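# The following comprises the amino acid sequence and a computationally predicted model.
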Amino acid sequence: MRILLIGSGGREHALAWKMKESPLVNELFIAPGNPGMKDLGELVDGSPEDLEGLLTFAKERRIDLTVVGPEAPLVKGIVDLFRREGLRIIGPDKKGAVLEGSKGFSKDFMERYQIPTAKSHTSEDYREALQIIKEYRLPLVLKADGLAAGKGVLICETMEEAREGLKKILKDRDFGHAGDQVVIEEFLTGVETSVIAFVDGKTIAPMASSRDYKRIGEGDQGLNTGGMGTYSPNEAYTKEVEARVEEEILKPTLKGIQKENMDYRGIIFIGIMITKEGPKVLEYNVRFGDPETQVILTRLDTDLVEIFKAVENASLKDISIQWKEEKAVCVILASRGYPEAYEKGKIIEGLERVDEQTLVFHGGTGLKEEKLVTNGGRVLGVTSLDETLEKARKRAYDNVDKIRFEGKTYRRDIAKMQ
Ligand code: AMP
Ligand code: GLY
C-alpha cells in the first residue's frame, strides 16, 4: 500500500514509525513531516491545511490510504473532499469534526446524549458572559469555542482573572475566530485520563489508556500546554472506571455519532476527569493525542495499518487489538518560553546516546546547515518502555539527561505525580 500521513509533530512521528512496521506498507509519504521522520518515509512539501494540494498529490501518487494527524484539516473537511473523490482516508467527516471544532457544539452534544460533563454555559456576548460567571464558584474555567492548539482554556482562580479572560477571548480576540463564543465551565477536580478510540461508525474500540500532563510546571502549575508528558496505561484507569466510561461515555458517544449521521471512520479522543462522582468528559478531540500517541503506539502489538483498514471499511468488530504488558513513559523536551513565545534554532546534541528501549519522537525540530536544531515549542518526546512504570520512568529520565540543547525545558514529575 501507498500511505500518505499528514502532519509534522511527535504524534505523526510515532504514527509513521508504527505504520512503517507493517508489512502492508510499500511506500510512506509524509506531508510535511520533520527531520526525525526522514528515514521512515518520503517527506513531501505542503501544508496540512492545503486540502486541494494534498488531494492533487494523493491522486497523482495513487495513494491507497491517507492518515491525518492534526485536527485543522479534519475540521476544514479533508475527509469529505477525499471521500468524494473516491480516496480512502482515516478521520471523521466535517460534521463529525465539529466535536472538536466547537466546544459549544460538543457541550450540546453531551447534553443531548446524557454524557456526564461539567456544568456549563456558552455565550458570544461579553456583557452576558460577565453576568453568567457570577453564578459560578471559583476556580472556574473559560474556553474559547474553536481550535486554539490546546491553549484556549483558561483556569481562573479569581473573578478578576475570569473577567480578564472573557475580555481576552470575546473582546480582544486573542484567539481570533476561535473566540466567537466562550464556554464557561465548572472546574472539576480529580485525576485526568485520556481515552482514545478507533471508531468505524458501528464499533468504538478504545486503545490503551494514558495520562497526559497538561500544565507547563511541575505539580501541575502554570499555563496549559499541548501536553508535557504522558504514560500508559493510566494507573487511575481502573477496571471499574473503564466499565463506567464504556457505559456512560463511549456507548452514548457512538449513539450520538450515529444519530447525527456523522460519517465517522477515524479516531476519537475523549479527555476525561475521573471525579468523585465518576468519569466526566472534559473535551472531545477528533484525532490522536500528542503526546498520548507516543506512549500508546509503542505499546500496540497489532498491525496499525490493518486496524486502519478495518476502520475505513467498517469492520473493526472483526479485529482483536492487542497491547504489550510493558509500560511506557514519554517526557517532552520543550523550548525555553513555551507555551508562550519561545526560542528556536538551538543545536540539539546527544541523540545517538539514547538506549534501545527508548524512542525519541521529533516534534519541533529542523535542520540548519545540516545540524539538527530546535524549531518549535515541543521539540522532542523521549519515550521509554519497560516492565514496570517505575523502570520506564527512570529509563525515560536517564535518556532525557543524555540529550542537550540550550533552554531545554521539561517536567521532572511525569508518571510520578497523580
Ligand atoms: P480541554 O482542551 O477542554 O481538554 O482543556 C485542556 C485542559 O484544561 C484539560 O486537559 C484539563 O487539564 C483542563 N480543564 C479543562 N476543563 C476543565 C474543567 N472543567 N475542570 C478542570 N480542568 C479542566
Ligand atoms: N495531549 C492532548 C492533545 O493532544 O490534545
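Done, it's in. Ligands and ions are numbered 1, 2, ... in the order given.
# how about the nearest residue to the residue of the stretch 301-418 of the chain found nearest ligand 1, chain neighbours excluded?
Shortest the stretch 301-418 of the chain-to-ligand 1 distance, computed as C-beta to the nearest ligand atom: residue-wise this is P339, at 11.7 Å. C-betas here are computed from N, CA, C, even on glycine. Closest residue in space to P339, ignoring its immediate chain neighbours: T225 at 4.4 Å, by C-beta to C-beta, 6 or more residues apart in numbering.
# thinking the one you found is in contact with A334, fair?
Yes. Here T225 reaches A334: they are 7.5 Å apart, a contact under C-beta atoms under 8 Å.
# where do the contact lists of these two overlap?
Listed as contacting both T225 and A334 by C-beta atoms under 8 Å, 6 or more residues apart in numbering are 216, 377-378.
# So which of those residues belong to strands?
The strands, defined by DSSP state E, take in 216, 378 from the shared contacts of T225 and A334.
# number of nearby residues for the nearest residue to V44 once chain neighbours are set aside?
Excluding the flanking residues, the one nearest V44 by C-beta to C-beta, 6+ apart is A31, at 4.4 Å. Using other C-beta atoms under 10 Å, A31 has 25 other residues around it.
# Quick one, grab the pLDDT at A31.
At A31, the pLDDT value in this model is 98.
# I'd say it and A58 touch.
No. Judged on C-beta under 8 Å, A31 makes no contact with A58 at a distance of 9.5 Å.
# Next, show the common contact partners of these two.
L4.
# which SSE is the residue sitting nearest the centre point of the chain in?
When C-alpha atoms, centre = their mean is applied to the chain, the residue found nearest the centroid is G289 (2.0 Å). Using DSSP states H and E, G289 sits within no helix or strand.
# mind listing what it touches?
11, 194, 196, 210, 212, 227, 230, 269.
# and the gap between it and ligand 2?
4 Å (C-beta to the nearest ligand atom, to the nearest Å).
# One more: A392?
19 Å.
# Going forward, the N-terminal residue is numbered 57.
Shifting the count to begin at 57 puts that one at A448.
# So which of T281 and A390 has more stuff around it?
Remark: of T281 and A390, A390 carries more neighbours, 25 against 22, as counted by other C-beta under 10 Å.
# so what's the more buried one bridging to?
R434, T465 (DSSP bridges).
# That one and V435 touch, don't they?
Yes. Between A390 and V435 there is a contact under C-beta under 8 Å: 6.2 Å.
# so what sits against both of these two?
Common neighbours of A390 and V435 (C-beta under 8 Å, 6+ apart) are K464.
# Thanks again, I'm all set now.
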